[in-house]
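>>> sequence first, predicted model second:
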Amino acid sequence: EDQVTQSPEALRLQEGESSSLNCSYTVSGLRGLFWYRQDPGKGPEFLFTLYSAGEEKEKERLKATLTKKESFLHITAPKPEDSATYLCAVSTQGGSEKLVFGKGTKLTVNP
Amino acid sequence: DAGVIQSPRHEVTEMGQEVTLRCKPISGHNSLFWYRQTMMRGLELLIYFNNNVPIDDSGMPEDRFSAKMPNASFSTLKIQPSEPRDSAVYFCASSLYGGADTQYFGPGTRLTVL
């Protein structure tokens, strides 16, 4: 069974304190790995898609990386507005085309 | 583009009542997804459609849940009869080409069943 595990469940940072969120996955064959941001009371907002090990993508203070077993979302010099829950999801080769989501990491950045 | 539109945003109902949630996908998207999000289980796929046809409904909890997509711009998720354990946030999402493509989510419907 395809599984996605995110860690930590919650993370508190001071403004400017860089850190990383982890997404580890167990799938039969990875087709793509997705990162989403979710603010309270809103739907998940798409951030990145990664397709192959070694791939990296950046957007403002966020950088996503991918290996054969996990992905990291690096947050450089975070600001309070980066506070949100970050969700990771995978799509797999073969079988039903659908995303399997992790339970997310709730990030709080204090000013 | 207006993005994915869902209605109502909040629904409070009593156990046993019928509930209908509505979704308008992004224009031009061929795939539509219904998800349920709870604290305990996270985000779970209930059903998805390609070109208005249901492809995978293995996530639909039981016969009380049904979903339809009569045309490319409208879908409904119906719960009849509703139960307190159905209380959750229900999201609709759409993508250009299937479940492996980037999905764009609506704002969700928060359902409370008393």
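It's in. Numbering: from 1, shown residues only, chains lettered A, B, ... in the order given.

>>> and the contacts of the lowest-mean-pLDDT helix or strand in chain B?
Ranked by mean pLDDT, DSSP states H and E, the weakest helix or strand in chain B is strand B:53-56, scoring a mean of 91. Outside of strand B:53-56, the residues within contact range by C-beta atoms under 8 Å, 6 or more residues apart in numbering or on different chains are A:96-98, B:45, B:47-49, B:67, B:69, B:99. (Each C-beta comes from the backbone N, C-alpha and C, glycine too.)

>>> I'd like these written out as a markdown table, with pLDDT added.
Output for these, formatted as a markdown table (pLDDT from 0 to 100):
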| residue | pLDDT |
| --- | --- |
| A:Ser96 | 64 |
| A:Glu97 | 73 |
| A:Lys98 | 82 |
| B:Leu45 | 93 |
| B:Ile47 | 95 |
| B:Tyr48 | 92 |
| B:Phe49 | 95 |
| B:Ala67 | 97 |
| B:Met69 | 97 |
| B:Gly99 | 78 |
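
>>> any residue of the helix or strand of chain A with the lowest mean pLDDT touching chain B?
Evaluated with mean pLDDT, DSSP H and E, the helix-and-strand set of chain A has its lowest mean pLDDT in strand A:99-101, which scores a mean of 90. Yes: applying C-beta under 8 Å from any C-beta of the partner chain, one finds strand A:99-101 touching chain B at A:99, A:101.

>>> for the helix or strand just after that strand, which helices and strands make contact with it?
The helix or strand immediately downstream of strand A:99-101 is strand A:105-110, counting by DSSP states H and E. Judged by 3 or more C-beta pairs under 8 Å, 6 or more residues apart in numbering or on different chains; DSSP states H and E, strand A:105-110 is in contact with strand A:10-14, strand A:84-92.

>>> run through the bridge partners of B:Lys24.
B:Ile5 (DSSP bridges).

>>> sorry, wrong one. I was asking about A:Glu58.
Beta-bridge partners of A:Glu58, as defined by DSSP bridges: A:Lys63.

>>> got the residues of chain A near chain B?
Taking C-beta under 8 Å from any C-beta as the criterion, the contact residues of chain A with chain B come out as A:31-32, A:34, A:36, A:41-46, A:49, A:87, A:91, A:96-99, A:101-104.

>>> now render the helices and strands packed on strand A:105-110 as a markdown table, adding mean neighbour count, distance to B:His10 and mean pLDDT.
A markdown table is the format used below for the helices and strands packed on strand A:105-110 (neighbours: other C-beta atoms under 10 Å in any protein chain shown; distance: least, C-beta to C-beta, whole Å; pLDDT from 0 to 100):
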| stretch | mean neighbour count | distance to B:His10 | mean pLDDT |
| --- | --- | --- | --- |
| strand A:10-14 | 14 | 26 | 98 |
| strand A:84-92 | 23 | 20 | 94 |
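
>>> quick check: which ranges of chain A have low pLDDT?
Confidence mapping of chain A against pLDDT under 70 gives the ranges A:94-96.

>>> show me the contacts for A:Thr108.
Applying C-beta under 8 Å, 6+ apart to A:Thr108 gives the contacts A:10-13, A:83.

>>> cutoff 6 Å now
A:12, A:83 (C-beta atoms under 6 Å, 6 or more residues apart in numbering or on different chains).

>>> now do the contacts for A:Lys103.
By C-beta under 6 Å, 6+ apart, A:Lys103 lies in contact with B:Gly42.
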